[in-house]
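*Asks:* turn this into a structure:
(one chain, ligands or ions: 1)
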Amino acid sequence: MEAAGPAVRRLADWSAADLADLAEEYGTPLYVTDLDRVRENAERLRAAFDVGDTEVRYAVKAHTGRAVLETVREAGLGAECASAGEVVRALDAGYDAVQYTAVNPPAEDLDIVLDRWRDGATVTVVAGAHDTVARLRERGFDGQLAIRVNPGVGAGHHEKVTTGGHAKFGVPYDRAADLVADARADFDVVGIHAHAGSGISGDDLDAHRELVSRMGELARAVGPLEFVDVGGGFGVPYHEDESPLDLAAVAEATREALGPVDATLAVEPGRYLVADAGVLLTRVNTVKAVEDADASGAVPVVAGVDAGMTTLLRPAMYDAYHAIRNLTEERPERPVTVAGPVCETADLFCEERPMPAPRRGDLLAIGNAGAYGYEMASTYNSRPRPAEVVRDGDGTRLARERETLADLTALEVER
Ligand code: LLP
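*Replies:* Numbering: from 1, shown residues only. Model prediction:
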């Protein structure tokens, strides 16, 4: 069994020399993912939730790279997928059973997933609307079905990722029992499902508990099921001084709130597995002083870097905090704004944050970039997506090539 490692890996714990070597060899911007840390995170989850008694399914949307999927599968965790693409990638990475949580699924997604199911893959489809159930019925699906419930309570690090109470997600709580009963006629109804949101901290535990207790009540009302899935969303400390979530306490609170049910508890964390297993390396190309010195005599600077909101979207989209470390040299601190190359004001990694004054050519590392980093990268501004390397034991290898300018136009059709 793998060791579970420390509860958190901070940006300061990465070897500056190793990261500098990787930037030299592969260029920047570069995602670095440490598979050993993914294994440690998987092990900590397994230990806290007592796998065997609980099912832990990795929400693959956090990082769908092949190496990560294989690592999580080998660590004994299941896979929760949000699209046909994720289902196909998980199956291709060696999973023979996956959960497909279908949110307003396009017809093509349903067709692709059901083709895989007909070919022998074990797929549990989680339907969050009466319409989705009807469309599965129309397509002749009679396999494992779970009903996603809107638990009426949500939580998360930002309103944009608080799903639990939003009408978009799940069947209204008080209609769920009827839908389960109705679906039993045509499907193998194996579970009920709800998800509060993403980035749940210790402060959100009351909301989590409330969600779980409602799911326990529903489970007791609908009779025997294989699982009650209470979602993922376990937060990680993005700030250097933030404490990690006490996973054992979350697991205990979850069990207690669920109460006695004739079903297995299931959880589906994404971020927790991969966030602190990844850093983003970026090189400073422009430095300028912006204003007169502040009261302490320090002049704020803007440091322009080669990664931007197209490489790591989270700061622009959610005002998310990511630690930033200068790997080149320790220098006196001053207020630094780290800005990308995209023509949008949102393209900032931090604003006037005290840190060693960067110089042109310095290498910066951005922490906790392993979850929803590469996954949310885009080619806006015709900027190719970065490369990714994975570290595994003592070795490092290229996991994903850097996109090229030719890739950007490869699908264009000439007239
Ligand atoms: N289960 C369901 C049904 C979900 O929708 C999600 C995330 C998860 C599990 C996993 O949540 P996690 O454990 O990773 O927090 N892009 C945002 C996060 C969006 C999460 C969407 N759903 C971010 O960068 O913070």
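
*Asks:* hey, let's count contacts and neighbours off CA atoms from now on
*Replies:* Noted.

*Asks:* what's the longest strand anywhere in the chain packed up against?
*Replies:* As assigned by DSSP state E, the longest strand anywhere in the chain is strand 278-289. Counting contacts by 3 or more Cα pairs under 8 Å, 6 or more residues apart in numbering; DSSP states H and E, strand 278-289 packs against strand 30-34, strand 301-305, strand 363-366.

*Asks:* next SSE after the first one?
*Replies:* Sequence order places helix 35-49 as the next helix or strand after strand 30-34, per DSSP states H and E.

*Asks:* returning to that earlier point: highest average neighbour count across the helices and strands packed on strand 278-289?
*Replies:* When you average the neighbours per residue for each of those (mean count of other Cα atoms under 10 Å), strand 30-34 leads with a mean of 26.

*Asks:* now stretch 315-326: average pLDDT?
*Replies:* Here stretch 315-326 scores 98 as its mean pLDDT.

*Asks:* need the helices and strands packed on strand 278-289 in CSV (columns: distance to residue 117).
*Replies:* As requested, these are exported to CSV (distance: least, Cα to Cα, whole Å):
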stretch, distance to residue 117
strand 30-34, 31
strand 301-305, 45
strand 363-366, 40
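
*Asks:* and those strands as CSV, adding distance to the ligand and mean pLDDT?
*Replies:* Listed next are the helices and strands packed on strand 278-289 as CSV, based on distance: least, Cα to the nearest ligand atom, whole Å; pLDDT from 0 to 100:
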stretch, distance to the ligand, mean pLDDT
strand 30-34, 15, 99
strand 301-305, 21, 97
strand 363-366, 14, 98
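
*Asks:* can you list contacts of the longest strand of the chain?
*Replies:* Contact partners of strand 278-289, identified using Cα atoms under 8 Å, 6 or more residues apart in numbering, comprise 11, 19, 23, 28-34, 299-307, 358-371.

*Asks:* domain assignment for this protein?
*Replies:* The chain breaks down into these domains under automatic domain parsing: 35-273, 276-409.

*Asks:* in the host helix or strand of residue 178, what's buried?
*Replies:* Using DSSP H and E, residue 178 sits in helix 173-183. Neighbour-count burial for helix 173-183 flags 173, 176-177, 179-180, 183 (criterion: 16 or more other Cα atoms under 10 Å).

*Asks:* before we move on, the earlier item: show me how far the longest strand of the chain is from its chain's centre.
*Replies:* 24 Å (Cα atoms, centre = their mean, to the nearest Å).

*Asks:* and it, average pLDDT?
*Replies:* 97.

*Asks:* for stretch 259-273, same thing?
*Replies:* Averaged across stretch 259-273, pLDDT comes to 97.

*Asks:* quote the end-to-end distance of that stretch.
*Replies:* This stretch, stretch 259-273, spans 27 Å end to end (Cα to Cα, to the nearest Å).

*Asks:* how about it, does it reach the ligand?
*Replies:* Yes. Stretch 259-273 reaches the ligand (Cα under 6 Å from any ligand atom) through 268-272.

*Asks:* what sits up against that stretch?
*Replies:* 38, 41-42, 53-63, 80, 199, 213, 216, 219-220, 223-236, 255, 370-372.

*Asks:* all helices of this structure, in order?
*Replies:* 16-26, 35-49, 66-74, 84-92, 107-118, 130-138, 173-183, 205-222, 247-258, 271-274, 314-318, 405-409 (DSSP state H).

*Asks:* looking at those helices, which is buried most?
*Replies:* Buried most deeply of the helices of the chain, by mean count of other Cα under 10 Å, is helix 271-274, with a mean of 28.

*Asks:* gap between stretch 97-108 and the chain center?
*Replies:* For stretch 97-108, the distance to the chain centre is 17 Å (Cα atoms, centre = their mean).

*Asks:* now that stretch: average pLDDT?
*Replies:* In this model, stretch 97-108 has an average pLDDT of 98.

*Asks:* ok, and what's touching it?
*Replies:* So stretch 97-108 is contacted by 78-84, 87, 90-91, 121-128, 132, 169 (Cα under 8 Å, 6+ apart).

*Asks:* now do the buried residues in it.
*Replies:* Applying 16+ other Cα under 10 Å to stretch 97-108 flags 97-103, 105 as buried.

*Asks:* go on, stretch 392-402?
*Replies:* Residues 392, 399-400, 402 are the ones in stretch 392-402 that count as buried (16+ other Cα under 10 Å).

*Asks:* now, which of those lie within strands?
*Replies:* 392, 399-400.

*Asks:* and of these, the nearest to residue 325?
*Replies:* residue 392 (22.8 Å; Cα to Cα).

*Asks:* which ones are touching the closest residue in space to the closest one that isn't next to it in sequence?
*Replies:* With sequence-adjacent residues excluded and distances taken as Cα to Cα, 6 or more residues apart in numbering, residue 392 is closest to residue 35, at 5.3 Å. By Cα under 8 Å, 6+ apart, the contact list for residue 35 reads 67-68, 71, 277, 390-393.

*Asks:* turn those into a markdown table, columns for distance to residue 193.
*Replies:* Supplementary listing: the contacts of residue 35 in a markdown table, determined by distance: Cα to Cα, whole Å:
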| residue | distance to residue 193 |
| --- | --- |
| 67 | 28 |
| 68 | 25 |
| 71 | 25 |
| 277 | 28 |
| 390 | 33 |
| 391 | 34 |
| 392 | 34 |
| 393 | 36 |
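
*Asks:* from those residues, which has minimum pLDDT?
*Replies:* At the low end of pLDDT for the contacts of residue 35 is residue 393, which has 94.

*Asks:* now do the contacts for that residue.
*Replies:* Contacts of residue 393 (Cα under 8 Å, 6+ apart): 35-36.

*Asks:* now the end-to-end length of stretch 239-251.
*Replies:* Span of stretch 239-251 from end to end, Cα to Cα: 23 Å.

*Asks:* any stretches of this structure with poor pLDDT?
*Replies:* 1-2, 293-295 (pLDDT under 70).

*Asks:* contact residues of it facing the ligand?
*Replies:* Counting by Cα under 6 Å from any ligand atom, the chain sits next to the ligand at 59, 62, 161, 195, 198-199, 231-234, 268-272, 314, 372.

*Asks:* all good on my end, thank you.
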